[in-house]
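Chemist: Okay, sequence plus prediction incoming.
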Amino acid sequence: MRPDKPRDAVAGPDAGPEAPYPKDLGIPTANIPADNLSVEHPDLTTGVYYGVVALDPKKFVPDGAEATAQTTLFPAVLSIGYNPFYKNEVRSVEIHIMPPLTQPSPTAVPQPKFHRLPDFYGTELHLLILGYIRPEFDYVSMEALIEDIRVDCEVARQSLLREAYQRYLVDDGKASEEVNAARNWLVSFP
Ligand SMILES: Cc1cc2nc3c(=O)[nH]c(=O)nc-3n(C[C@H](O)[C@H](O)[C@H](O)COP(=O)(O)O)c2cc1C
Ligand SMILES: Nc1ncnc2c1ncn2[C@@H]1O[C@H](COP(=O)(O)OP(=O)(O)O)[C@@H](O)[C@H]1O
Ligand SMILES: [Mg+2]
C-alpha cells in the first residue's frame, strides 16, 4: 500500500549518486530467468563461470557476417547468483558474450570496451557451462567490480583457448562423440 503522506520532491543524496549508482557497467549481459535452475541443476552453486553460447541463426544476424551455426557460436562468461554489489533478491543468470577467440581480446587492457553485439532480445539462446571461475563478491566500488569482470573475461578466454575446450566451439575432427554431441546440441534450434 502507498504510505499516506506527500511524495518527496527529490530522490537520492544531494552530494551525488551513491553506490551501487550510477548503474551502468558498460558490460552488456543477457539476463535469463533462473526459475528452474535449482530443480534442473541443483549442484550449480552461485558464482562466475565460463562456457559457450549459441544464438538461433534464424533470428540473430551478426555484424558483417552471414548467420550460420558457426558465426552464432561464441565464448561466454557468466554470473549466477544475487549480484551482492546490487543486493538482488532473486537469483539471476547473466551472460556476457565475448568475441570469437580468433579475434584480439578487447579485455586484455585496463579500462576496456566490453564486446557488444547487435541486440538479440527474443532470440533463443543455448548455454553450455564448461568451468567455474570464482564465487560472487561484493565490491567497494563499481570500478573494482568492472576490473574483476574484465579479469574474468581474460580467464575465460585463456581457459577456452585450451585444445580440449576449443573443441566445443570449433570442430577439429578430433573431438569425442560426447563433445560433438554437445556442439551439435548447441547449434540445433527448432
Ligand atoms: C562475469 C561476470 C561476473 C560478475 N561478478 C559479479 C560479482 O562478483 N558480484 C556482483 O555483485 N555482480 C557480479 N556480476 C553482475 C553484474 O553486477 C551485473 O552484470 C550488473 O548488475 C548489470 O546488470 P544488468 O544487466 O541488469 O544491467 C558479474 C557479471 C558478470 C558478467
Ligand atoms: N556481448 C554481449 N553479451 C550479452 N548481451 C549483449 C552483448 N552485446 C549486446 N547484447 C545485448 O544487450 C542486452 C543486455 O544489455 P544490458 O545492458 O545488460 O541490459 P539488461 O540486461 O538490463 O537488459 C542483451 O539482451 C543483448 O540483446
Ligand atoms: Mg544484463
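Modeler: Yep, that arrived. Ligands and ions are numbered 1, 2, ... in the order given.
Chemist: what's next to stretch 141-152, contact-wise?
Modeler: Residues outside stretch 141-152 that contact it (C-beta atoms under 8 Å, 6 or more residues apart in numbering) are 19-20, 22, 25-27, 48, 50, 77, 85, 96, 107, 110, 112, 114, 133-134, 137, 139. For every residue, glycine as well, the C-beta is placed using N, CA and C.
Chemist: Quick one: residues contacting the residue nearest to Glu124 when sequence neighbours are not counted.
Modeler: Once its chain neighbours are removed from consideration, Glu124 has its nearest residue in Asp56; the separation is 4.4 Å (C-beta to C-beta, 6 or more residues apart in numbering). For Asp56, the contacting residues are Thr72, Thr123, Glu124, Leu125, Phe189, taking C-beta under 8 Å, 6+ apart as the criterion.
Chemist: May I ask which of these has the most neighbours?
Modeler: Thr72 (27 neighbours; other C-beta atoms under 10 Å).
Chemist: wait, that residue sits on Ser188?
Modeler: No - with the criterion set as C-beta atoms under 8 Å, Thr72 and Ser188 do not qualify as a contacting pair; they are 11.9 Å apart.
Chemist: Spell out the residue ranges of the helices in this structure.
Modeler: Remark: helices of the chain, listed N- to C-terminal, are 37-40, 142-160, 163-166, 177-186; assignment by DSSP state H.
Chemist: I appreciate the help and will end here.
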